[in-house]
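**Q** task: produce atomic coordinates for the following.
(chains A and B)
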Number of protein chains: 2
Amino acid sequence: MEKAVILLSGGLDSATCLAIARSKGFQCYTLAFDYGQRHRCELDRAALVAEKLGSERHSVMTIDLRQWGGSALTDDSIEVPAANDRGEMPVTYVPARNMVFLSFAAAWGEILKARHIFIGVNSVDYSGYPDCRKSFIDSFRHTAELGTCACDEGWHWHIETPLQAMSKAEIIRTGVALGVDYSWTVSCYDPDPSGRACGVCDSCTLRKNGFAEAGVPDPTLYQER
Amino acid sequence: MEKAVILLSGGLDSATCLAIARSKGFQCYTLAFDYGQRHRCELDRAALVAEKLGSERHSVMTIDLRQWGGSALTDDSIEVPAANDRGEMPVTYVPARNMVFLSFAAAWGEILKARHIFIGVNSVDYSGYPDCRKSFIDSFRHTAELGTCACDEGWHWHIETPLQAMSKAEIIRTGVALGVDYSWTVSCYDPDPSGRACGVCDSCTLRKNGFAEAGVPDPTLYQER
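**A** Numbers count the residues shown, from 1 in each chain, chains lettered A, B, ... in the order given. Here you go, the predicted model:
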């Protein structure tokens, strides 16, 4: 059974990614990051998703990105805005986040002898983050090949992005078919302490529209407004 | 004054790197990692070097690589060996370490608007680690370009590796000329609690030979054996 490292955020996309990896027969090692994110309840959701979908081992890496700030998700002085107009880089962008996350996944993968890394990036319904694009992922794979023992030992990294070309509705339909219960997940950038979603941020908007378009009842608990 | 992020380990190479960056007129932001390394006293040395050589701000990122083990530096069940025969990957290799470190440097650099990252990798006197090679550094730069706002905002990353082609003796002579006092630094993989070097590991051997070849008195405190 081949091993894979799955980046897990507690959100809808990465839960679907894990379900896809399991359906392909991988032994899955899930990795979540406590990076001081505003939406910390996603960490409990990530652990729940890992358990429900049969992760072999769930690891949480704590990294203090708050000491640098620079994003609405890691700096309380920057507010999470309502849905973005897609014109410029949103303040929810966390600099170089996926590069940091993928580097850790490669570090753990090298130790586990897992050659596959799953990440739920998506080019269709996304917020314009540069580190979600295919060109970045392809380049990362090449860099990981050179920066680990892969190059000397003659094996290869596979960065799996099964959601890359899917719409949010397609992702939801795929997950439902694989047994994902999306009430386990949280996507909101600014949930209340009990984990209820704001319903208006970029991430909530994409998620809400996705359920509507997929024709799947939205199991998300929203804050009353 | 242009800003730069300098990866600082507390060792000889990165101290020299910082001195070079300062001599080129950069405003320097130093970054060290507490990754559970066996040689933790290097963190105090990194802070000392940062202070002595005029770092603008010294940041320590704590990351728990011990939860995964896999290297003599992060796993107490693996012993640090005496100098390696250069034939195979030494057990002191920490998987994907420089990729993780550089990714954090890019994250901080993006927030600071620092476009230069200095890293003291070296192709001459090194232990055969894949993540010290020029091909990896070049590829990382390209990946960082794609995975951050650089690509959309039209600026470029510069990964500066001033030590890449220097011998250890040349590094030492360069640092001495720039005012580095190497008694501030520690290179040993397995120092005793007071910070005295073992004198026999790979890193000690390279350092010792470097001072001898440079004709510079070795200020290192060694354990009695």
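**Q** all contacts plus neighbour counts: C-alpha atoms, from now on.
**A** Noted.
**Q** which residues of chain A fall in strands?
**A** Along chain A, the stretches classed as strands by DSSP state E are A:3-7, A:27-34, A:57-62, A:116-118, A:158-160.
**Q** okay, those, which one's buried deepest?
**A** Most buried of the strands of chain A by mean neighbour count (mean count of other CA atoms under 10 Å in any protein chain shown) is strand A:3-7; its value is a mean of 27.
**Q** ok and that strand relative to strand A:27-34, angle-wise?
**A** Put simply, strand A:3-7 runs at 30 degrees to strand A:27-34, going by axes from the mean of the first three to the mean of the last three CA atoms, to 10 degrees.
**Q** can you list the strands that strand A:3-7 pairs with?
**A** Here strand A:3-7 is paired, per DSSP bridges, with strand A:27-34 (parallel), strand A:116-118 (parallel).
**Q** who are the packing partners of the longest helix along chain A?
**A** Looking across chain A with DSSP state H, the single longest helix is helix A:97-112. If contacts are counted by 3 or more CA pairs under 8 Å, 6 or more residues apart in numbering or on different chains; DSSP states H and E, helix A:97-112 sits against strand A:3-7, strand A:116-118, helix A:134-147, helix B:97-112, helix B:134-147.
**Q** can you find the helix or strand in chain A with the smallest mean pLDDT?
**A** Here the helix or strand of chain A ranked lowest by mean pLDDT, DSSP states H and E is helix A:150-153, holding a mean of 86.
**Q** what's in contact with it?
**A** Outside helix A:150-153, the residues within contact range by CA atoms under 8 Å, 6 or more residues apart in numbering or on different chains are A:144-145, A:156-157, B:130.
**Q** now do the buried residues in that helix.
**A** Buried residues in helix A:150-153, counted by 16 or more other CA atoms under 10 Å in any protein chain shown: A:Ala150.
**Q** would you mind putting the CA coordinates of it into PDB?
**A** The C-alpha trace of helix A:150-153 is given here as PDB (Å, rounded to 0.1, in the frame of the first residue of the first chain):
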ATOM      1  CA  ALA A 150      14.900  12.000  -4.500                       C
ATOM      2  CA  CYS A 151      17.500  13.300  -6.900                       C
ATOM      3  CA  ASP A 152      20.300  11.000  -5.600                       C
ATOM      4  CA  GLU A 153      18.100   8.000  -4.800                       C
END
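**Q** re the thing from before, could the strands paired with strand A:3-7 go into TSV alongside mean pLDDT?
**A** Converted to TSV, these look like this (pLDDT from 0 to 100):
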stretch	mean pLDDT
strand A:27-34	97
strand A:116-118	98
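**Q** take those strands and lay them out in CSV including distance to B:Pro95.
**A** Converted to CSV, the strands paired with strand A:3-7 look like this (distance: least, CA to CA, whole Å):
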stretch, distance to B:Pro95
strand A:27-34, 16
strand A:116-118, 15
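**Q** near chain B, which residues of chain A are found?
**A** Applying CA under 8 Å from any CA of the partner chain, one finds that chain A approaches chain B through A:61-64, A:68-70, A:95-100, A:103-104, A:106-108, A:110-111, A:130-132, A:135-136, A:139-140, A:142-144, A:146-149, A:151-152.
**Q** now restrict the residues you listed to buried residues only.
**A** A:61, A:63-64, A:69-70, A:95-100, A:103-104, A:106-108, A:110-111, A:130-132, A:136, A:139-140, A:142-144, A:146-149.
**Q** distance of the closest residue to A:Gly147 other than its chain neighbours from B:Val5?
**A** Setting aside the residues directly before and after it, A:Gly147 is nearest to B:Asp131 in space (CA to CA, 6 or more residues apart in numbering or on different chains), at 4.3 Å. Distance of B:Asp131 to B:Val5, given as CA to CA, to the nearest Å: 18 Å.
**Q** now swap in A:Gly69 and tell me
**A** Shown here: A:Gly69 relative to B:Val5, a distance of 16 Å by CA to CA.
**Q** what do you get for A:Met61?
**A** For A:Met61, the distance to B:Val5 - CA to CA - is 23 Å.
**Q** same check, this time on A:Ile63
**A** 18 Å.
**Q** what is the neighbour count of A:Val80?
**A** Here the number of neighbours of A:Val80 (other CA atoms under 10 Å in any protein chain shown) works out to 20.
**Q** does it really touch A:Thr92, like I thought?
**A** Yes. A:Val80 is within contact range of A:Thr92, at 6.8 Å (criterion: CA atoms under 8 Å).
**Q** shared neighbours of those two, anything?
**A** Joint contacts of A:Val80 and A:Thr92 (CA under 8 Å, 6+ apart) are A:72-73.
**Q** for the closest residue to A:Gln164 other than its chain neighbours, give its distance to A:Ile78.
**A** If the residues on either side of it in the chain are set aside, A:Gln164 comes closest to A:Asn122, at 4.1 Å by CA to CA, 6+ apart. As for A:Asn122, its distance to A:Ile78 is 25 Å (criterion: CA to CA).
**Q** for those two, indicate the residue with more neighbours.
**A** A:Asn122 (24 against 14).
**Q** contacts only, for that one.
**A** Here A:Asn122 is in contact with A:132-133, A:161, A:163-166 (CA under 8 Å, 6+ apart).
**Q** of those residues, buried ones?
**A** The neighbour count (16+ other CA under 10 Å) marks A:132-133, A:161, A:163-164, A:166 as buried among these.
**Q** export the residues you listed as TSV, with columns for pLDDT.
**A** Shown next, in TSV, are the buried ones among the contacts of A:Asn122 (pLDDT from 0 to 100):
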residue	pLDDT
A:Cys132	89
A:Arg133	90
A:Thr161	97
A:Leu163	96
A:Gln164	94
A:Met166	95
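**Q** closest to A:Cys198 out of those residues?
**A** Set against A:Cys198, the nearest of these by CA to CA is A:Cys132 (23.6 Å).
**Q** thanks a lot, catch you later.
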